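Enquirer: Sharing a sequence plus its predicted fold:
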Amino acid sequence: MVANNFGSMTGVINECKKQQIEELKEEVREELKKASAVKSPELLKLIDSILLLGVAYHFEREIEEALKDMLETYSRLVDDIEDFTTSIRFGY
């Protein structure tokens, strides 16, 4: 009887832990989505922390999307700077 109660209690605890883990993973996903390329230092720190914790495999898609967004943002910025530089060379 005691063993049966212990087993069911363990099952309840495991379910609670699984639910907490899923909630935390969803929080991290939301943070990755909120962190924009404009705030790249914060985004890179978050990605670095995720990598250091060894849980990046849970967030591969979100990390990839965030880094692509950052690359696109900086590519557009470089293009704008190059256009501006060219226009200055030719006197507008």
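Expert: In hand now; what should we look at?
Enquirer: what packs against the helix ranked longest in the chain?
Expert: Criterion DSSP state H: the longest helix present in the chain is helix 2-34. Here helix 2-34 touches helix 40-53, helix 60-89, going by 3 or more C-beta pairs under 8 Å, 6 or more residues apart in numbering; DSSP states H and E. The way it works is simple: take the backbone N, C-alpha and C, and place the C-beta from them, glycine included.
Enquirer: which stretch in the ones you listed has the least confidence?
Expert: Mean pLDDT per stretch puts helix 60-89 lowest among the helices and strands packed on helix 2-34, at a mean of 78.
Enquirer: for the residue nearest to the spatial centre of the chain, what are its contacts?
Expert: Most central in the chain under C-alpha atoms, centre = their mean is L32, positioned 3.1 Å from the mean C-alpha point. Listed by C-beta atoms under 8 Å, 6 or more residues apart in numbering, the contact partners of L32 are L43, L46, I47, F59, E62, I63, E65, A66.
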